[in-house]
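Colleague: Compute the structure for the input listed below.
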Amino acid sequence: MAISRRTFLKVGVASACVLIAARALDRNVFAQDDKPGSLDLKKLANKDAELIAALAPAVLKGALPDEAVARQVAINEVVEAFDRTVAGLSPAVQAEVQQLLSLLTFAPTRRLVAGVSKPWPEASEEEVSAFLADWQQSRFALLQQGYQALARVMIACWYGNPLSWQKIGYGGPPYAKELGLQ
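Modeller: Numbers count the residues shown, from 1 in each chain. The predicted model follows:
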């Protein structure tokens, strides 16, 4: 089914209004005063870190350690790496990431666009997986792009981490031993 130009513009304007409303109602997207104590974060606020931590097991299904403590350490490493990645982006791209995270962490828009009624730390892996699948297969390119942005960065954050290398049989880069990565 082809979308008319008028419908496309209406959806675009409505989406922009939702993003603006979410941002206006939730101004502390990257607030520096609500950092979780155990993570070393520079850009992500606590609620953003909780979102990434909730998404990581679904995005990295089968790749994370099975043992609970090792799994939590791995998830924390993904969250910190995601934060470092965002911190290294240009200000314009950081703003886009902020908008996406605001959209997903603000309760009304989380329910509306992600279909997840519970706060992210309380959402089941099945709910998170369903949300990700919906966005990945959405007919709206903007949602597909949101999925790709989150999933690709998390995958890169995990597989760039020495903790992941043994499970996939990768010995690390040739210089890994000299740098103390193994």
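
Colleague: Low-confidence stretches in the chain?
Modeller: 1-37, 176-182 (pLDDT under 70).

Colleague: So what's the residue count around the residue nearest to Leu100 when sequence neighbours are not counted?
Modeller: Distance criterion C-beta to C-beta, 6 or more residues apart in numbering; nearest residue to Leu100, sequence neighbours excluded, is Gly146 at 5.5 Å. (C-beta placed from N, C-alpha, C; glycine too.) Neighbour count of Gly146, defined by other C-beta atoms under 10 Å: 21.

Colleague: Please, which helix or strand holds Gly146?
Modeller: Using DSSP states H and E, Gly146 sits within helix 141-159.

Colleague: So the residue nearest to Leu100 sits against Gln99, correct?
Modeller: No - with contact defined as C-beta atoms under 8 Å, Gly146 does not reach Gln99; the gap is 9.7 Å.

Colleague: one step back: mind exporting the helix holding Gly146 as PDB, just the C-alpha atoms?
Modeller: Extracted in PDB, the C-alpha atoms of helix 141-159 (Å, rounded to 0.1, in the frame of the first residue of the first chain):
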ATOM      1  CA  ALA A 141      11.200   3.700   8.500                       C
ATOM      2  CA  LEU A 142      11.700   5.900  11.600                       C
ATOM      3  CA  LEU A 143      10.900   3.100  13.900                       C
ATOM      4  CA  GLN A 144      13.200   0.700  12.000                       C
ATOM      5  CA  GLN A 145      15.900   3.300  12.200                       C
ATOM      6  CA  GLY A 146      15.400   3.600  16.000                       C
ATOM      7  CA  TYR A 147      15.700  -0.200  16.300                       C
ATOM      8  CA  GLN A 148      18.800  -0.300  14.200                       C
ATOM      9  CA  ALA A 149      20.400   2.500  16.200                       C
ATOM     10  CA  LEU A 150      19.800   0.800  19.500                       C
ATOM     11  CA  ALA A 151      20.600  -2.700  18.400                       C
ATOM     12  CA  ARG A 152      23.700  -2.000  16.300                       C
ATOM     13  CA  VAL A 153      25.300   0.100  19.000                       C
ATOM     14  CA  MET A 154      24.600  -2.500  21.700                       C
ATOM     15  CA  ILE A 155      26.000  -5.300  19.500                       C
ATOM     16  CA  ALA A 156      29.100  -3.400  18.800                       C
ATOM     17  CA  CYS A 157      29.500  -2.500  22.500                       C
ATOM     18  CA  TRP A 158      29.300  -6.200  23.500                       C
ATOM     19  CA  TYR A 159      31.400  -7.800  20.800                       C
END
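
Colleague: Please consider this matter closed, and thank you.
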